[in-house]
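J.: next come a sequence and a model predicted from it.
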Amino acid sequence: LGVGLADMLRKQYGTENVILSDIKKPPPNVYSSGPFVYADVLDYKHLRELIINNRITWLVHYSALLSAVGEANVALARKINITGLHNVLDLALEHCLRLFVPSTIGAFGPSSPRDPAPDLCVQRPRTIYGVSKVHGELMGEYLHHKYGLDFRCLRYPGVISVNTPPGGGTTDYAVQIFHDALSTGHHVCYLRPDTRLPMMHISDCHRATIEFMQSPECQLSLRTYNIAAMSFTPEEVAQEIRKHLPHLKVTYNPDSVRQTIADSWPIRFDDSNARRDWGWAPAFGLEELVADMLRSVREKRTDEGLPVR
Ligand code: AKB
(Lines give C-alpha, C1' and ligand atoms only; values in the text may rest on other atoms or scores of the structure.)
Protein backbone atom coordinates (compact mmCIF):
# COMPACT_ATOMS: atom_id res chain seq x y z
CA LEU A 1 0.00 0.00 0.00
CA GLY A 2 2.71 2.44 0.98
CA VAL A 3 4.59 2.57 -2.32
CA GLY A 4 1.58 3.57 -4.42
CA LEU A 5 0.50 6.16 -1.88
CA ALA A 6 4.01 7.62 -1.78
CA ASP A 7 4.01 7.87 -5.60
CA MET A 8 0.74 9.83 -5.54
CA LEU A 9 1.94 12.09 -2.73
CA ARG A 10 5.27 12.72 -4.49
CA LYS A 11 3.43 13.99 -7.56
CA GLN A 12 1.73 16.62 -5.41
CA TYR A 13 4.39 17.45 -2.83
CA GLY A 14 7.71 16.68 -4.56
CA THR A 15 9.75 13.47 -4.57
CA GLU A 16 12.16 14.51 -1.81
CA ASN A 17 9.32 15.46 0.54
CA VAL A 18 7.86 11.98 0.90
CA ILE A 19 9.93 9.31 2.67
CA LEU A 20 9.04 5.64 2.45
CA SER A 21 10.13 3.21 5.14
CA ASP A 22 10.05 -0.50 5.89
CA ILE A 23 11.89 -3.14 7.86
CA LYS A 24 12.36 -5.14 4.66
CA LYS A 25 14.64 -4.43 1.72
CA PRO A 26 12.35 -3.14 -1.04
CA PRO A 27 12.71 -3.93 -4.77
CA PRO A 28 15.25 -1.75 -6.69
CA ASN A 29 12.57 0.50 -8.25
CA VAL A 30 11.59 1.72 -4.77
CA TYR A 31 15.14 3.01 -4.14
CA SER A 32 15.20 4.80 -7.45
CA SER A 33 11.76 6.40 -7.08
CA GLY A 34 12.55 8.55 -4.01
CA PRO A 35 13.86 8.58 -0.43
CA PHE A 36 13.66 5.25 1.42
CA VAL A 37 14.79 4.55 5.00
CA TYR A 38 14.83 1.57 7.31
CA ALA A 39 12.35 2.03 10.19
CA ASP A 40 11.08 -0.42 12.78
CA VAL A 41 7.86 0.66 14.54
CA LEU A 42 9.08 -1.10 17.67
CA ASP A 43 12.21 1.10 17.87
CA TYR A 44 10.94 4.30 19.46
CA LYS A 45 14.26 6.14 19.62
CA HIS A 46 15.12 5.49 16.00
CA LEU A 47 11.65 6.61 14.88
CA ARG A 48 12.12 9.82 16.85
CA GLU A 49 15.48 10.38 15.20
CA LEU A 50 13.91 9.95 11.74
CA ILE A 51 11.12 12.39 12.56
CA ILE A 52 13.50 15.05 13.87
CA ASN A 53 16.25 14.68 11.29
CA ASN A 54 13.80 14.78 8.39
CA ARG A 55 11.48 17.45 9.83
CA ILE A 56 8.49 15.13 9.38
CA THR A 57 5.03 16.75 9.52
CA TRP A 58 2.69 13.93 8.39
CA LEU A 59 2.95 10.29 9.37
CA VAL A 60 1.10 7.49 7.57
CA HIS A 61 1.29 4.33 9.65
CA TYR A 62 0.60 1.12 7.72
CA SER A 63 2.55 -1.49 9.71
CA ALA A 64 0.23 -4.26 10.87
CA LEU A 65 -0.28 -8.01 10.73
CA LEU A 66 -3.56 -8.68 8.87
CA SER A 67 -6.53 -10.74 10.02
CA ALA A 68 -5.68 -14.33 9.06
CA VAL A 69 -1.94 -14.14 9.73
CA GLY A 70 -2.63 -12.37 13.04
CA GLU A 71 -4.70 -15.33 14.24
CA ALA A 72 -1.73 -17.61 13.48
CA ASN A 73 0.64 -15.38 15.50
CA VAL A 74 -1.26 -13.48 18.17
CA ALA A 75 1.80 -12.43 20.19
CA LEU A 76 3.51 -10.86 17.18
CA ALA A 77 0.26 -9.19 16.06
CA ARG A 78 -0.14 -7.68 19.52
CA LYS A 79 3.41 -6.37 19.41
CA ILE A 80 3.30 -4.83 15.93
CA ASN A 81 -0.34 -3.73 15.88
CA ILE A 82 -0.61 -2.40 19.44
CA THR A 83 2.90 -1.64 20.78
CA GLY A 84 3.99 -0.29 17.39
CA LEU A 85 0.90 1.91 17.21
CA HIS A 86 1.55 3.30 20.71
CA ASN A 87 5.05 4.35 19.65
CA VAL A 88 3.63 6.14 16.64
CA LEU A 89 0.84 7.82 18.63
CA ASP A 90 3.29 9.07 21.26
CA LEU A 91 5.69 10.41 18.64
CA ALA A 92 2.89 12.09 16.67
CA LEU A 93 1.72 13.83 19.82
CA GLU A 94 5.23 14.81 20.88
CA HIS A 95 6.05 16.31 17.47
CA CYS A 96 2.60 17.71 16.49
CA LEU A 97 2.31 15.43 13.44
CA ARG A 98 -0.81 14.84 11.38
CA LEU A 99 -1.23 11.09 11.81
CA PHE A 100 -3.05 8.68 9.52
CA VAL A 101 -3.74 5.13 10.69
CA PRO A 102 -5.95 2.83 8.61
CA SER A 103 -8.64 0.76 10.23
CA THR A 104 -10.73 -1.85 8.46
CA ILE A 105 -13.99 -3.75 8.00
CA GLY A 106 -12.24 -6.12 10.44
CA ALA A 107 -12.90 -3.65 13.28
CA PHE A 108 -16.47 -5.00 13.33
CA GLY A 109 -17.68 -8.33 14.65
CA PRO A 110 -20.66 -10.68 14.69
CA SER A 111 -22.74 -8.37 16.89
CA SER A 112 -22.25 -5.33 14.60
CA PRO A 113 -24.90 -4.42 12.01
CA ARG A 114 -23.70 -6.01 8.75
CA ASP A 115 -25.78 -4.52 5.97
CA PRO A 116 -24.75 -1.80 6.13
CA ALA A 117 -22.30 -1.20 9.00
CA PRO A 118 -22.50 2.49 10.00
CA ASP A 119 -19.57 4.53 11.38
CA LEU A 120 -20.85 4.36 14.94
CA CYS A 121 -22.18 1.03 16.20
CA VAL A 122 -21.27 -1.98 18.36
CA GLN A 123 -17.67 -3.12 17.65
CA ARG A 124 -16.78 -6.46 19.18
CA PRO A 125 -14.36 -8.04 16.66
CA ARG A 126 -13.21 -11.63 17.26
CA THR A 127 -9.70 -11.34 15.77
CA ILE A 128 -6.55 -9.84 17.30
CA TYR A 129 -6.31 -7.71 14.15
CA GLY A 130 -9.80 -6.30 14.73
CA VAL A 131 -9.19 -5.79 18.44
CA SER A 132 -5.96 -3.90 17.70
CA LYS A 133 -7.75 -1.74 15.12
CA VAL A 134 -10.58 -0.80 17.50
CA HIS A 135 -7.91 -0.02 20.07
CA GLY A 136 -6.16 2.23 17.55
CA GLU A 137 -9.39 4.05 16.64
CA LEU A 138 -10.18 4.67 20.30
CA MET A 139 -6.64 5.69 21.33
CA GLY A 140 -6.35 8.11 18.42
CA GLU A 141 -9.71 9.67 19.12
CA TYR A 142 -8.93 9.89 22.83
CA LEU A 143 -5.64 11.69 22.16
CA HIS A 144 -7.40 13.98 19.72
CA HIS A 145 -10.05 15.01 22.22
CA LYS A 146 -7.71 15.24 25.21
CA TYR A 147 -4.57 16.77 23.64
CA GLY A 148 -5.57 17.89 20.15
CA LEU A 149 -3.64 15.20 18.22
CA ASP A 150 -4.56 15.50 14.52
CA PHE A 151 -5.47 11.82 14.26
CA ARG A 152 -7.22 10.61 11.09
CA CYS A 153 -8.43 7.10 10.41
CA LEU A 154 -10.28 5.47 7.52
CA ARG A 155 -11.81 2.02 7.73
CA TYR A 156 -10.66 0.35 4.52
CA PRO A 157 -12.58 -2.46 2.79
CA GLY A 158 -10.55 -5.30 1.23
CA VAL A 159 -8.05 -3.44 -0.97
CA ILE A 160 -7.34 -4.91 -4.41
CA SER A 161 -3.98 -4.15 -5.99
CA VAL A 162 -1.65 -5.71 -8.50
CA ASN A 163 1.48 -4.52 -6.69
CA THR A 164 0.63 -5.64 -3.18
CA PRO A 165 0.80 -9.44 -3.12
CA PRO A 166 -1.70 -11.28 -0.92
CA GLY A 167 -0.40 -10.83 2.65
CA GLY A 168 -2.32 -12.91 5.19
CA GLY A 169 -5.70 -11.20 4.95
CA THR A 170 -9.19 -12.65 4.65
CA THR A 171 -9.95 -10.66 1.48
CA ASP A 172 -6.76 -11.87 -0.29
CA TYR A 173 -8.62 -14.27 -2.56
CA ALA A 174 -9.89 -11.24 -4.47
CA VAL A 175 -6.30 -10.46 -5.52
CA GLN A 176 -5.14 -14.06 -6.04
CA ILE A 177 -8.05 -14.89 -8.35
CA PHE A 178 -6.69 -12.45 -10.99
CA HIS A 179 -3.21 -14.01 -10.92
CA ASP A 180 -4.71 -17.51 -11.16
CA ALA A 181 -7.10 -16.47 -13.94
CA LEU A 182 -4.15 -15.36 -16.07
CA SER A 183 -1.75 -18.19 -15.16
CA THR A 184 -3.34 -21.62 -14.56
CA GLY A 185 -6.93 -20.55 -15.28
CA HIS A 186 -7.97 -22.25 -12.02
CA HIS A 187 -8.56 -20.58 -8.65
CA VAL A 188 -9.18 -22.53 -5.43
CA CYS A 189 -11.14 -20.19 -3.19
CA TYR A 190 -10.89 -20.46 0.61
CA LEU A 191 -14.27 -18.74 1.07
CA ARG A 192 -17.76 -19.96 0.17
CA PRO A 193 -19.05 -18.67 -3.18
CA ASP A 194 -21.71 -16.47 -1.54
CA THR A 195 -19.43 -14.66 0.96
CA ARG A 196 -20.08 -10.97 0.35
CA LEU A 197 -17.49 -8.44 1.54
CA PRO A 198 -16.80 -4.73 0.91
CA MET A 199 -13.89 -4.21 -1.53
CA MET A 200 -12.05 -1.30 -3.16
CA HIS A 201 -9.57 -0.70 -5.97
CA ILE A 202 -6.17 0.46 -4.66
CA SER A 203 -6.26 3.75 -6.55
CA ASP A 204 -9.57 4.69 -4.88
CA CYS A 205 -8.03 3.74 -1.54
CA HIS A 206 -5.00 5.98 -2.12
CA ARG A 207 -7.10 8.87 -3.36
CA ALA A 208 -9.45 8.59 -0.37
CA THR A 209 -6.47 8.66 1.98
CA ILE A 210 -4.92 11.74 0.38
CA GLU A 211 -8.22 13.63 0.08
CA PHE A 212 -9.02 12.86 3.70
CA MET A 213 -5.54 13.92 4.88
CA GLN A 214 -5.88 17.18 2.94
CA SER A 215 -9.34 18.03 4.32
CA PRO A 216 -9.42 21.00 6.66
CA GLU A 217 -10.03 19.92 10.26
CA CYS A 218 -13.21 22.01 10.45
CA GLN A 219 -14.83 19.74 7.82
CA LEU A 220 -14.38 16.58 9.87
CA SER A 221 -17.26 15.66 12.16
CA LEU A 222 -15.56 12.31 12.90
CA ARG A 223 -11.96 11.13 13.23
CA THR A 224 -12.72 7.60 11.96
CA TYR A 225 -14.77 7.13 8.78
CA ASN A 226 -15.96 4.12 6.79
CA ILE A 227 -15.14 4.32 3.08
CA ALA A 228 -16.89 2.11 0.54
CA ALA A 229 -16.79 1.40 -3.19
CA MET A 230 -18.45 -1.98 -3.90
CA SER A 231 -19.34 -5.31 -2.28
CA PHE A 232 -19.06 -8.64 -4.07
CA THR A 233 -18.90 -12.39 -3.54
CA PRO A 234 -16.30 -14.80 -4.99
CA GLU A 235 -18.94 -16.04 -7.41
CA GLU A 236 -19.72 -12.53 -8.64
CA VAL A 237 -16.09 -11.54 -9.21
CA ALA A 238 -15.48 -14.85 -11.01
CA GLN A 239 -18.50 -14.17 -13.28
CA GLU A 240 -17.15 -10.73 -14.11
CA ILE A 241 -13.68 -12.16 -14.90
CA ARG A 242 -15.32 -14.78 -17.16
CA LYS A 243 -16.62 -11.95 -19.37
CA HIS A 244 -12.91 -11.52 -20.33
CA LEU A 245 -11.63 -15.07 -19.70
CA PRO A 246 -14.58 -17.47 -20.22
CA HIS A 247 -12.58 -20.55 -19.20
CA LEU A 248 -11.80 -19.47 -15.63
CA LYS A 249 -12.51 -22.37 -13.28
CA VAL A 250 -13.13 -21.73 -9.57
CA THR A 251 -13.45 -24.47 -6.98
CA TYR A 252 -14.42 -23.81 -3.39
CA ASN A 253 -12.58 -25.23 -0.43
CA PRO A 254 -13.57 -23.01 2.55
CA ASP A 255 -10.93 -22.57 5.21
CA SER A 256 -12.58 -22.53 8.64
CA VAL A 257 -10.45 -19.69 10.09
CA ARG A 258 -10.95 -17.31 7.18
CA GLN A 259 -14.59 -18.25 6.59
CA THR A 260 -15.42 -17.59 10.26
CA ILE A 261 -13.65 -14.22 10.07
CA ALA A 262 -15.45 -13.24 6.85
CA ASP A 263 -18.82 -14.29 8.29
CA SER A 264 -18.28 -11.90 11.21
CA TRP A 265 -17.52 -8.87 9.02
CA PRO A 266 -19.91 -6.36 7.39
CA ILE A 267 -21.41 -7.20 4.01
CA ARG A 268 -21.66 -3.51 3.14
CA PHE A 269 -20.23 -0.30 4.51
CA ASP A 270 -22.26 2.87 5.08
CA ASP A 271 -19.87 5.67 4.07
CA SER A 272 -22.44 8.49 3.96
CA ASN A 273 -20.52 10.58 6.53
CA ALA A 274 -17.33 10.50 4.44
CA ARG A 275 -19.30 11.48 1.34
CA ARG A 276 -20.99 14.36 3.15
CA ASP A 277 -18.07 15.72 5.21
CA TRP A 278 -15.14 15.60 2.79
CA GLY A 279 -16.67 14.62 -0.52
CA TRP A 280 -15.65 10.97 -0.78
CA ALA A 281 -16.73 9.28 -4.04
CA PRO A 282 -15.21 6.06 -5.48
CA ALA A 283 -14.30 5.84 -9.17
CA PHE A 284 -14.14 2.02 -9.54
CA GLY A 285 -17.09 -0.39 -9.51
CA LEU A 286 -16.76 -4.17 -10.05
CA GLU A 287 -16.67 -3.89 -13.85
CA GLU A 288 -13.90 -1.25 -13.88
CA LEU A 289 -11.95 -3.07 -11.16
CA VAL A 290 -11.92 -6.38 -13.04
CA ALA A 291 -10.94 -4.79 -16.36
CA ASP A 292 -8.12 -2.82 -14.71
CA MET A 293 -6.80 -5.75 -12.65
CA LEU A 294 -6.71 -8.08 -15.66
CA ARG A 295 -4.86 -5.47 -17.69
CA SER A 296 -2.34 -4.76 -14.87
CA VAL A 297 -1.70 -8.40 -13.96
CA ARG A 298 -1.25 -9.27 -17.64
CA GLU A 299 1.25 -6.41 -18.01
CA LYS A 300 3.15 -7.44 -14.88
CA ARG A 301 3.39 -11.08 -15.93
CA THR A 302 4.56 -10.08 -19.41
CA ASP A 303 7.25 -7.77 -17.92
CA GLU A 304 8.42 -10.64 -15.72
CA GLY A 305 8.62 -12.97 -18.71
CA LEU A 306 5.84 -15.20 -17.36
CA PRO A 307 3.28 -16.89 -19.62
CA VAL A 308 -0.13 -15.22 -19.90
CA ARG A 309 -3.49 -16.71 -20.92
C1 AKB B 1 -7.77 -8.49 5.75
O2 AKB B 1 -8.42 -9.24 5.02
O3 AKB B 1 -7.32 -8.83 6.85
C4 AKB B 1 -7.56 -7.08 5.29
C5 AKB B 1 -8.64 -6.20 5.79
C6 AKB B 1 -9.99 -6.30 5.21
O7 AKB B 1 -8.43 -5.43 6.67
N8 AKB B 1 -7.47 -7.02 3.87
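T.: That came through fine.
J.: which strand or helix spans whichever residue of the stretch 151-300 of the chain sits closest to the ligand?
T.: With distances taken as Cβ to the nearest ligand atom, the stretch 151-300 of the chain approaches the ligand most closely at G169, which sits 2.7 Å away. Placement of C-beta: from N, CA and C, glycine included. Using DSSP states H and E, no element contains G169; it sits outside every helix and strand.
J.: residue contacts, the residue lying closest to it once chain neighbours are set aside?
T.: Leaving out its chain neighbours, the residue that sits closest to G169 by Cβ to Cβ, 6 or more residues apart in numbering is L66, at 4.0 Å. With contact taken as Cβ atoms under 8 Å, 6 or more residues apart in numbering, L66 is in contact with Y129, G167, G168, G169, T170.
J.: my guess is the last one contacts D263. True?
T.: No: judged on Cβ atoms under 8 Å, T170 makes no contact with D263 at a distance of 9.9 Å.
J.: have a look at those two and say which one is more surrounded.
T.: Looking at T170 and D263 with other Cβ atoms under 10 Å, you find the greater number of neighbours at T170, namely 31 against 14.
J.: touching, V250 and C189? I think so.
T.: Yes: contact criterion Cβ under 8 Å: V250 and C189 qualify, at 5.7 Å.
J.: which of the two has more neighbours?
T.: Relative neighbour count places C189 above the other of V250 and C189, with 23 against 20, counting by other Cβ under 10 Å.
J.: ok, that one to L294 distance?
T.: From C189 over to L294 the distance is 17 Å, taken as Cβ to Cβ, to the nearest Å.
J.: neighbour-wise, which of the contacts of L66 leads?
T.: Across the contacts of L66, the neighbour count under other Cβ under 10 Å reaches its highest value at T170, namely 31 neighbours.
J.: got the contact list for it?
T.: Residues touching T170, when contacts are defined by Cβ under 8 Å, 6+ apart, comprise L66, S67, A68, G106, G158, L191, L197, R258, I261, A262, W265.
J.: burial measure for the closest residue to E236 other than its chain neighbours, as a count.
T.: Closest residue in space to E236, ignoring its immediate chain neighbours: L286 at 7.0 Å, by Cβ to Cβ, 6+ apart. Neighbour count for L286, taken as other Cβ under 10 Å: 17.
J.: now L286, what are its backbone angles?
T.: Here is the backbone geometry of L286 (degrees, to the nearest 10): phi -60, psi -40.
J.: surely it and A238 touch.
T.: No: using Cβ under 8 Å, L286 and A238 do not qualify as a contacting pair, with a distance of 11.3 Å.
J.: test my guess that I210 contacts L5.
T.: Yes: at 7.4 Å, I210 counts as touching L5 under the criterion of Cβ under 8 Å.
J.: between the two, which has more neighbouring residues?
T.: Here I210 and L5 are set side by side on neighbour count (other Cβ under 10 Å), and the busier one is L5, at 21 against 17.
J.: what residues of the helix or strand harbouring the more buried one count as buried?
T.: Using DSSP H and E, the element containing L5 is helix 2-13. Using 16 or more other Cβ atoms under 10 Å as the burial criterion, the residues of helix 2-13 that qualify are G2, V3, G4, L5, A6, D7, L9, R10.
J.: which one of the residues you listed is nearest H95?
T.: The closest of the buried residues of helix 2-13 to H95 turns out to be L9 (Cβ to Cβ; 18.9 Å).
J.: for the closest one, which non-adjacent residue is closest in space?
T.: Closest to L9 by Cβ to Cβ, 6+ apart is V18, at 4.6 Å.
J.: from the contacts of L66, which has minimum pLDDT?
T.: Lowest in pLDDT among the contacts of L66 is G167, which has 79.
J.: what about stretch 31-47, how long is it end to end?
T.: Across its full length, stretch 31-47 reaches 20 Å end to end, with Cα to Cα, to the nearest Å as the criterion.
J.: buried ones in that stretch?
T.: For stretch 31-47, the neighbour count (16+ other Cβ under 10 Å) marks S33, G34, F36, A39, V41, Y44, L47 as buried.
J.: show me what the longest strand along the chain pairs with in its sheet, parallel or antiparallel.
T.: Ranked by residue count, the top strand of the chain under DSSP state E comes out as strand 150-156. If you go by DSSP bridges, strand 150-156 pairs up with strand 98-100 (parallel), strand 103-104 (parallel), strand 224-226 (parallel).
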